[in-house]
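Chemist: Got a predicted model here, sequence first, then my questions.
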Amino acid sequence: MKPLIIAIAIGFSPALHAQDLAAILAPITMPALAEKPAQEASTPEVATIKIGESEIVASLEKSLKTHLGVEGDLRLFLTQKWAPVSLPADQVWNVRILQTPSAGLAGSNIIRFRVEAGERRLGEWQMIVRAQLWKKVWVSSTRLERSQALSPAMLQPVNVDVLAENQPPVPADVDVTLYEVAQNINSDQFLTWRDLAPRQVVRKGQIVEVLASEGALSISMKGMALAGGGIGQEIMVRNLDSRRDVAARIIDSSAVRVNF
């Protein structure tokens, strides 16, 4: 008996081709997702500060006072525009004075300076700087006559810009009892050093105690002042015994000292 062959035909319309079958049987793939770009590492911002005109002027005032050894309220004014200088906020900066007027501080000055931050130089500048130096000085409260001994009761302290005066006024912290009037002074007038002379505590012809010392040896004798003078001044004194003249420095109203 011949085997029975049963053929089952599967019909498609239209006909199925090999390439179509391959497409159907291929694994299902999802579309690739767009990759997110890697985020760049953020760089932290560095805090900065600016050295403006007010900051540079304040530092210049402080540095100039130290450099020149001046006392009083120093005020500076730049005569040209200042371009701010930037630097990291954690850096300490300072001004170094490189050149000042050879004749000393005046109302107008050429100043050369450098701005530094540690060992880093931020720049150098040279400019004309106007200056004021405010100090209390002595002003006469009444008319003063030549050779008149001075006392604070005759004067009053007044705050002035001493750089604006032709002659340096006498500062109000000077002990005027050590001086006398060298020339007539009108009321409400600034006292200058030309107006004062050391107060004569020893007069010409006065007998004074002459003190002399050398090492541990000290002696005293009587002498006659050959000139008048104030404390600290040197005058000639004549030894009353030997008649020898020696130079001595006045230490008070009745004694002078000779240093061998």
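Modeler: Sure thing, it's come through.

Chemist: I'd say Leu68 and Gln99 touch.
Modeler: No. Leu68 is beyond contact range of Gln99, at 12.0 Å (criterion: Cβ atoms under 8 Å). Quick note: C-beta positions are derived from backbone N, CA and C, even for glycine.

Chemist: In terms of residue numbering, what are the domains of this structure?
Modeler: Domains of the chain are assigned by automatic domain parsing as 48-132, 134-198, 207-259.

Chemist: for the shortest one, how far is the first residue from the last?
Modeler: Looking back up the chat, that one is domain 207-259. This stretch, domain 207-259, spans 19 Å end to end (Cα to Cα, to the nearest Å).

Chemist: Looking at that domain now, give me its mean pLDDT.
Modeler: Taken as a whole, domain 207-259 has an average pLDDT of 91.

Chemist: what's the answer for the longest one, then?
Modeler: On average, the pLDDT along domain 48-132 is 93.

Chemist: Let's have the domains of the chain in JSON lines, adding mean neighbour count.
Modeler: Shown next, in JSON lines, are the domains of the chain (neighbours: other Cβ atoms under 10 Å):
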{"stretch": "domain 48-132", "mean neighbour count": "14"}
{"stretch": "domain 134-198", "mean neighbour count": "16"}
{"stretch": "domain 207-259", "mean neighbour count": "15"}
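
Chemist: Run through the neighbouring helices and strands of the longest helix seen in the chain.
Modeler: Identified as the longest helix of the chain according to DSSP state H is helix 53-68. When contacts are defined as 3 or more Cβ pairs under 8 Å, 6 or more residues apart in numbering; DSSP states H and E, helix 53-68 packs onto strand 73-78, strand 93-99, strand 108-117.

Chemist: These: which one's closest to Val139?
Modeler: strand 73-78 (17.6 Å; Cβ to Cβ).

Chemist: Ramachandran angles for Trp193?
Modeler: phi -70, psi -20 (degrees, to the nearest 10).

Chemist: Tell me the confidence at it?
Modeler: Predicted confidence (pLDDT) for Trp193: 94.

Chemist: That one against Gln167, yeah?
Modeler: Yes. Counting by Cβ under 8 Å, Gln167 is a contact partner of Trp193 at 7.5 Å.

Chemist: For the strand ranked longest in the chain, name the packing helices and strands.
Modeler: Longest strand in the chain, counting residues (DSSP state E): strand 120-140. Under the contact criterion of 3+ Cβ pairs under 8 Å, 6+ apart, strand 120-140 touches strand 73-78, strand 85-88, strand 93-99, strand 108-117, strand 155-161.

Chemist: That one vs strand 93-99, what angle?
Modeler: Counting by axes from the mean of the first three to the mean of the last three Cα atoms, to 10 degrees, strand 120-140 lies at 70 degrees to strand 93-99.

Chemist: Can we start the residue count at 2 from this point?
Modeler: All set: I'll call the first residue 2, so the last point we hit is now strand 121-141.

Chemist: Which one of the helices and strands packed on helix 54-69 lies nearest to Arg244?
Modeler: So among those, strand 74-79 is nearest, using Cβ to Cβ, at 55.5 Å.

Chemist: who touches the closest one?
Modeler: Applying Cβ atoms under 8 Å, 6 or more residues apart in numbering, the external contacts of strand 74-79 come out as 54, 57-58, 61-62, 65-66, 128, 130-136.
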